[in-house]
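**Q** Generate coordinates for the sequence data below:
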Amino acid sequence: MDNDRICVGVIAGAFGVGGEVRLKSFCADPAAIADYAPLYTDENPDGFSVTIKRPVKNGFAVRLSGVKTKEQADALRGVQLYTDRAKLPGLPDDEYYHTDLIGLMALDTGGQTLGTVKDVQNHGAGDLLEIQMTGGSATVLLPFTLVNAPTVDLTAGRIILDPPDGLFPNG
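**A** The predicted model follows:
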């Protein structure tokens with residue numbers, strides 16, 4: 001997907017036998033995902049309309065336009081859903097969309113390049129920056145907190161990190 005679209009959810013698989021899917025929402029208000037429709041995928045440039053049927057464990061049972069059978073729903077397992085950036089609300093100064101952080105140059109507080117933000121992960125305890133270290137394929141996970149990442153400058157394409165001692169070699 002291009003930078004004008006933001007990932008707002010993922011299809012976790014079929015729900016039942018009537019073509020409904022289990023949808024995991026990445027929105028601050030999970031039910032608001034339906035407000036951002038149509039939701040796009042790489043394979044569906046026209047997008048899906050979304051009807052939330054009911055909450056289920058870890059998401060919602062959802063009807064997507066054009067998905068009529070369990071087999072069609074099963075084929076969508078793992079597919080990410082995107083919306084147009086313009087449909088999303090503006091963010092306060094200290095909040096960022098994950099997609100905007102990926103690719104930023106990571107520098108330490110002395111200006112030394114540490115690497116590049118490869119991914120932003122969240123396993124339930126808060127966001128983690130995955131930093132691919134300069135000159136290799138090794139990565140480091142760093143909690144994305146104000147203490148560890150005091151400055152994010154999207155315009156300059158960089159993030160200033162103040163990691164704990166010893167986390168980055170030679171750092």
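**Q** Please, which helix or strand holds the nearest residue to L76 once chain neighbours are set aside?
**A** Leaving aside its chain neighbours, L76 sits nearest to I11 (4.5 Å; criterion: CB to CB, 6 or more residues apart in numbering). Backbone N, C-alpha and C define where each C-beta goes, glycine included. Assigned by DSSP states H and E, I11 belongs to strand 5-14.
**Q** so what secondary structure elements neighbour that strand?
**A** strand 21-25, helix 70-75, strand 80-84, helix 98-101 (3 or more CB pairs under 8 Å, 6 or more residues apart in numbering; DSSP states H and E).
**Q** Contacts for that strand, please.
**A** With contacts defined as CB atoms under 8 Å, 6 or more residues apart in numbering, strand 5-14 is touched by 1, 20-27, 33, 36, 39-40, 58-59, 70, 73-74, 76-85, 88, 97-99.
**Q** picking up where we left off before, could you give the number of residues near the residue nearest to L76?
**A** Using other CB atoms under 10 Å, I11 has 26 other residues around it.
**Q** Quick check: it vs A138, distance?
**A** Computed as CB to CB, to the nearest Å, the I11 to A138 distance reads 32 Å.
**Q** what does K70 give?
**A** With CB to CB as the criterion, K70 and A138 are 42 Å apart.
**Q** neighbour-wise, which of those two wins?
**A** Between K70 and A138, counted using other CB under 10 Å, K70 has the larger neighbour count: 17 against 12.
**Q** Quick check: which element contains the spatially closest residue to M133 that is not a sequence neighbour?
**A** Leaving aside its sequence neighbours, M133 sits nearest to G115 (CB to CB, 6+ apart; 4.3 Å). Per DSSP H and E: G115 is located in strand 113-122.
**Q** Give me the contact list for that strand.
**A** Residues contacting strand 113-122 (CB under 8 Å, 6+ apart): 98, 101-108, 127-134, 139-141, 144, 159, 161, 163, 168, 171.
**Q** Check which element follows it along the chain.
**A** strand 127-133.
**Q** after the helix-or-strand element of the chain with minimal mean pLDDT comes which helix or strand?
**A** One helix or strand of the chain scores below all others by mean pLDDT, DSSP states H and E: helix 98-101, with a mean of 88. Using DSSP H and E, the helix or strand that follows helix 98-101 in sequence is strand 105-108.
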